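**Student:** Provided below are the primary sequence and the corresponding predicted coordinates.
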Amino acid sequence: MTTTSSSQARPEMALTLSPLSIHHGPRPLVQEVSLSVPPARLVTLVGQSGSGKSLTASALAGTHLPGLRYSGGEVRSGAGVRLAHVLQNPRTAFNALMTMEAHALETLATLGVRGATAQPRVDEALTQVGLALEVKPLYPFELSGGMLQRMMIAIALLRKASFVIADEPTSDLDPRAQHRILTLLSELVHHHRLGVLLITHDLGVVAAFADEVHVMAEGRLVESTTPELLFERPQSAAASDLLSAHRALYGEEEFHAGA
Ligand SMILES: Nc1ncnc2c1ncn2[C@@H]1O[C@H](COP(=O)(O)OP(=O)(O)OP(=O)(O)O)[C@@H](O)[C@H]1O
């Protein structure tokens, strides 16, 4: 989970990335990609493996990888707005020697919340993400991947993050656990005005949960549209390919939101 800054959130401003390019030596990995994640919207980023989604998302989360050359890519989100980065493999985000409660309390302590006021906040966040309070004394190895994903989201809530960047947050989970996490994120978007950038390989997820979809191919953003239009009239070859692959797996069913 990454932090940009502290103080008061201004949730009316979008999280934006000005045109970003990333090179590895002479090789372009991301080319002139800009993105905007408004509050209360679930924005998805799709594209074939290697198309540059994760590099773009991590740059938006403020992470620049060593050995790569970044140009442009200024991140703006309004003064004091906090971001949370929910990682593909949640286990790497936790300290193996700390309980869930210790993680949560440490998060609150960084915001100056300690002592008697901290405990009810922890319980509230765990309940919000559907985790039993019995997880508090448990260590990361004692929780499933899905529980750890929920815990990452609980920590994002404790940090009062206005935006969550989630890189295939459900790829390790079984379908039911996947659906629960995505439903939770979607509820936070629509009831708490959270802005979410979700990287996914699954156009079924796009159809069911996304407000917007951006398609990447070979390091470029090639299409930005709504899920409805993506399914009805894909404009780019990359979107058509993703759609054909999706239909080959799941059949010809038409788009329906909330599927
Ligand atoms: N640290 C790095 N050094 C060199 N090349 C890298 C590095 N990280 C990523 N790349 C390359 O950049 C390209 C884009 O990678 P990225 O991880 O953003 O793709 P992606 O669309 O997220 O793929 P996937 O869906 O498989 O996660 C790939 O060709 C990858 O091999």
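**Tutor:** Structure's in. What do you need?
**Student:** what are the ranges of the helices in the stretch 51-200 of the chain?
**Tutor:** Remark: helices assigned in the stretch 51-200 of the chain by DSSP state H, counting those that start in this stretch are 53-60, 100-110, 118-128, 145-158, 175-192.
**Student:** Kindly reformat those helices as JSON lines containing distance to Ala208 and mean neighbour count.
**Tutor:** Glycine gets a C-beta too; all of them are placed from N, C-alpha and C. As requested, the helices of the stretch 51-200 of the chain are exported to JSON lines (distance: least, CB to CB, whole Å; neighbours: other CB atoms under 10 Å):
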{"stretch": "helix 53-60", "distance to Ala208": "19", "mean neighbour count": "23"}
{"stretch": "helix 100-110", "distance to Ala208": "29", "mean neighbour count": "18"}
{"stretch": "helix 118-128", "distance to Ala208": "21", "mean neighbour count": "16"}
{"stretch": "helix 145-158", "distance to Ala208": "17", "mean neighbour count": "24"}
{"stretch": "helix 175-192", "distance to Ala208": "7", "mean neighbour count": "16"}
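**Student:** Turn the ones you listed into JSON lines, including distance to the ligand.
**Tutor:** Listed next are those as JSON lines, based on distance: least, CB to the nearest ligand atom, whole Å:
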{"stretch": "helix 53-60", "distance to the ligand": "3"}
{"stretch": "helix 100-110", "distance to the ligand": "26"}
{"stretch": "helix 118-128", "distance to the ligand": "29"}
{"stretch": "helix 145-158", "distance to the ligand": "17"}
{"stretch": "helix 175-192", "distance to the ligand": "16"}
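**Student:** JSON lines for those, including mean pLDDT and distance to Tyr139?
**Tutor:** As requested, these are exported to JSON lines (pLDDT from 0 to 100; distance: least, CB to CB, whole Å):
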{"stretch": "helix 53-60", "mean pLDDT": "94", "distance to Tyr139": "27"}
{"stretch": "helix 100-110", "mean pLDDT": "96", "distance to Tyr139": "8"}
{"stretch": "helix 118-128", "mean pLDDT": "93", "distance to Tyr139": "16"}
{"stretch": "helix 145-158", "mean pLDDT": "89", "distance to Tyr139": "11"}
{"stretch": "helix 175-192", "mean pLDDT": "86", "distance to Tyr139": "20"}
